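Enquirer: next come a sequence and a model predicted from it.
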Amino acid sequence: MKKHNFNSGPSILPQEVLAKAARAVLDFNGIGLSILEIGHRSTWFVEVIEEARSLVKELMQLSAEHEVLFLHGGATTQFMQVPMNLLDTGETAAYCDNGIWGSKAAAEASLFGNVQVVASSKDKNHTYINKGFDIPANSRYLHLTTNNTVEGTQWHSFPVTDVPLVADMSSDIFSRPMNFNQFSLIYAGAQKNMGAAGVNLLVVKKSLLGKIKRPIPAIMDYRKHIDANSLLNTPPVFAVYVALLTLRWIKKEGGLKEMERRSIEKANLLYATIDSLPVFTSHIVKEDRSNMNAVFFLSDPKLEAPFLELCKQEGMVGVKGYRTVGGIRVSMYNALPLESVQAFCDMAKQFAAKHG
Ligand SMILES: *Cc1c(COP(=O)(O)O)cnc(C)c1O
């Protein structure tokens, strides 16, 4: 049976990216060797990582001040690595608490300096995005999570401030054009919208670095990675290659503008359907809804189990809400076709007709 992949991460990738990645495991570009068995300093791999870095710069239209790195680990590694590089002992960083990932990031930063939570949506179960809050001028940076993967909210505009903006874009990277140069640092784990788990994309303004007195272990030091052109040690070569294939696919399909057009089309269809069926309830403030992860509930909690059972029967994969939130979560990343959302909506309507 055809599977509709609504997984929240690791998640759906374009079929042609998977096919090309599979081929490269056996024979990379016809060289008679696997992508997994060539040196990371060989011309073959250096060309892979250089093309990936330049495609990131091109798609995001980054200024010359911004450096692009591919680093080991997941976004959780960056929760620690960001303050290790930017926040000295005794200094203060401002954090937005709009969900589980932002609050984990804040907890890690407090190991390095002072954390001030300047905005929190905890009072209403993270069903909205804070607006118009104060950011103390002495903050070293303001950290926010552009898309709250678990809670289903997304920032659709950003604070204007002289304090450097740091953003975790793990779950909406490359899903929409924006002025990426307003951010001093951007990071994203690859496995939501960009590729295979194991690698982080990091974009950083060089002028932000080198300001703290605390020694930084070499492998954690952004400056050392910049000086080594993202080849300080062996990078996760396969994950970088899959990211390159995805970046090429995004460009070929029409870039971030087209990714945004598709994701708005998918999200509009999904939300319009849910809103039209009283059997479902969404608690998220409409203007703050995520175009990537739609989170909603069965109005009668007793219907959740039968609905999930129907999803299973119909090949709708990954729609159970996050364990601390519950309900339903439909993730609609770049590679998810509109047909999958249509199939989900048709199924939801049939379910509503039977149980409404
Ligand atoms: C998935 C996710 C994380 C955690 O990523 P790991 O790669 O598991 O460390 C962090 N932030 C956001 C926004 C996420 O969606």
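Expert: Noted; the coordinates are in hand.
Enquirer: contacts only, for residue 336.
Expert: Neighbouring residues of residue 336 by CB atoms under 8 Å, 6 or more residues apart in numbering: 5-6, 12, 266. Just so you know, the C-beta spots here come from the backbone N, C-alpha and C atoms, and that holds for glycine as well.
Enquirer: can you list these in JSON lines and add neighbour count?
Expert: What follows is the contacts of residue 336, written out as JSON lines (neighbours: other CB atoms under 10 Å):
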{"residue": "5", "neighbour count": "17"}
{"residue": "6", "neighbour count": "25"}
{"residue": "12", "neighbour count": "24"}
{"residue": "266", "neighbour count": "25"}
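Enquirer: restricted to strands, list those.
Expert: When DSSP state E is applied, those are split such that residue 5 fall in strands.
Enquirer: the closest residue to the ligand within the chain and residue 80, how far apart?
Expert: Nearest residue of the chain to the ligand (CB to the nearest ligand atom) works out as residue 74 at 2.1 Å. The spacing between residue 74 and residue 80, counted by CB to CB, to the nearest Å, is 11 Å.
Enquirer: enumerate the residues of the stretch 1-150 of the chain near the ligand.
Expert: Within the stretch 1-150 of the chain, the residues that sit near the ligand (CB under 6 Å from any ligand atom) are 9, 74-76, 101, 145, 149.
Enquirer: of those - the most surrounded one?
Expert: Using other CB atoms under 10 Å as the neighbour criterion, residue 145 leads those with 30 neighbours.
Enquirer: enumerate the positions of stretch 53-64 that are buried.
Expert: By neighbour count on 16 or more other CB atoms under 10 Å, the buried set for stretch 53-64 is 53, 55-57, 59-60, 62.
Enquirer: quick one: contacts of that stretch?
Expert: Applying CB under 8 Å, 6+ apart, the contact partners of stretch 53-64 are 66, 68-70, 174, 180-181, 201, 203, 230, 244, 247-248, 250-251, 255-256.
Enquirer: apply 7 Å and report the result again.
Expert: With contact meaning CB atoms under 7 Å, 6 or more residues apart in numbering, stretch 53-64 is reached by 68, 174, 180-181, 201, 203, 230, 247-248, 250-251, 255-256.
Enquirer: stretch 197-216 too?
Expert: Contacts of stretch 197-216 (CB under 7 Å, 6+ apart): 10, 56, 62, 65-75, 77-78, 84-86, 88-89, 164, 173, 184-191, 194, 222-223, 226, 236, 239-240, 243.
Enquirer: do that again at 6 Å, thanks
Expert: By CB atoms under 6 Å, 6 or more residues apart in numbering, the residues outside stretch 197-216 that reach it are 10, 65-71, 73, 78, 84, 88, 164, 184-191, 222-223, 236, 239-240.
Enquirer: now stretch 133-145
Expert: Outside stretch 133-145, the residues within contact range by CB under 6 Å, 6+ apart are 86-87, 91-96, 101-102, 105, 118-119, 161, 163-168.
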